[in-house]
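**Q** based on what follows, work out the 3D shape:
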Amino acid sequence: MKDGDTWARVGLVLLFAGGIAAFFALGGPQYLSLDTIKDNRDRLLALAEGHYVAAMVIAFTVYFAATALSLPGAVLLSLTLGMLFGRWIGAAIIVVAATAGATCAFLAARYLFAGLARRRLGLDGAAAAPGLAARINQGFSDDAFHYLLFLRLVPLFPFWLVNLAPAFSDVRARTFVLATAIGILPGVFVFANLGQSLGRIDSTAELISPATLGAFALLGLFALVPVLIRRLRSSATRGAAP
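**A** You can find the predicted model right below:
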């Protein structure tokens with residue numbers, strides 16, 4: 001590894017670590033709370049109305065940074081943007097910012113750690129073929145879009161984990177971006193729409209009902225239907241072969 005590349009990696013790690021440390025040192029969790037947002041609802045609405053473009057830029061930047069740094073509070077931020085900009089504009093900002101932030105985390109993880117992880121798992125070189133990790137990687141990569149879509153649609157998997165885990169596989173960046181943008185759309189629209197009634201919400205736990213989770217789970221299963229069909233056809237072809 002060249003010295004320049006080493007320093008670039010160190011700088012990137014320090015940038016991410018510094019951003020996370022600054023969030024907690026400056027009282028980020030205190031400001032990013034439901035009570036704080038509700039108490040300052042009128043001020044935020046007045047700011048967005050009086051400085052609409054600037055408020056959009058700030059909102060995008062905050063959401064992007066929170067996603068890229070894997071900070072907590074995505075649901076609350078989505079509600080807030082829905083409150084400030086409405087369901088359509090709010091959802092559009094969230095989708096773009098979340099996709100960009102997730103892609104930043106994905107690429108950073110791939111640049112910083114993928115090489116080491118792949119070597120440890122035996123995914124590099126001729127020895128990769130027979131290994132279990134290599135087979136899993138190959139299966140995931142062959143249907144990367146549908147698997148990623150499933151992981152995005154079903155809210156049982158932490159968003160930050162789905163950003164990082166594919167970085168150690170052969171998933172292409174454009175596949176990651178497309179699956180992320182499409183997969184988060186349903187949830188984003190739901191929360192942006194609910195954000196317009198933020199003043200009447202006492203806890204974000206109220207928003208995630210079993211029915212909502214079930215609906216997202218069904219969407220996720222539909223995303224895997226093409227994978228299942230392909231596997232069945234492949235098995236049928238092998239079974240029919242002489």
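**Q** and the strands in this protein?
**A** With strands called from DSSP state E, the chain shows none.
**Q** run through this protein and note the low-pLDDT ranges.
**A** Along the chain, the parts satisfying pLDDT under 70 run over 1-4, 114-140, 199-242.
**Q** quick one: the helices in it?
**A** With DSSP state H as the definition, the chain shows helices at residue ranges 3-25, 28-31, 34-39, 41-50, 52-68, 74-109, 115-121, 132-142, 144-153, 159-164, 173-183, 185-194, 210-223, 225-240.
**Q** need the ones you listed in a markdown table (columns: mean neighbour count).
**A** Every residue, glycine included, has its C-beta placed from N, CA and C. Compiled in a markdown table, the helices of the chain are given as follows (neighbours: other C-beta atoms under 10 Å):
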| stretch | mean neighbour count |
| --- | --- |
| helix 3-25 | 12 |
| helix 28-31 | 13 |
| helix 34-39 | 14 |
| helix 41-50 | 13 |
| helix 52-68 | 17 |
| helix 74-109 | 22 |
| helix 115-121 | 14 |
| helix 132-142 | 14 |
| helix 144-153 | 22 |
| helix 159-164 | 19 |
| helix 173-183 | 19 |
| helix 185-194 | 21 |
| helix 210-223 | 14 |
| helix 225-240 | 11 |
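**Q** separation between Phe106 and Ala25?
**A** To Ala25, Phe106 is 26 Å away according to C-beta to C-beta, to the nearest Å.
**Q** actually, Gly50.
**A** 30 Å.
**Q** and if you look at Ile94?
**A** Relative to Ala25, Ile94 is positioned 26 Å away (C-beta to C-beta).
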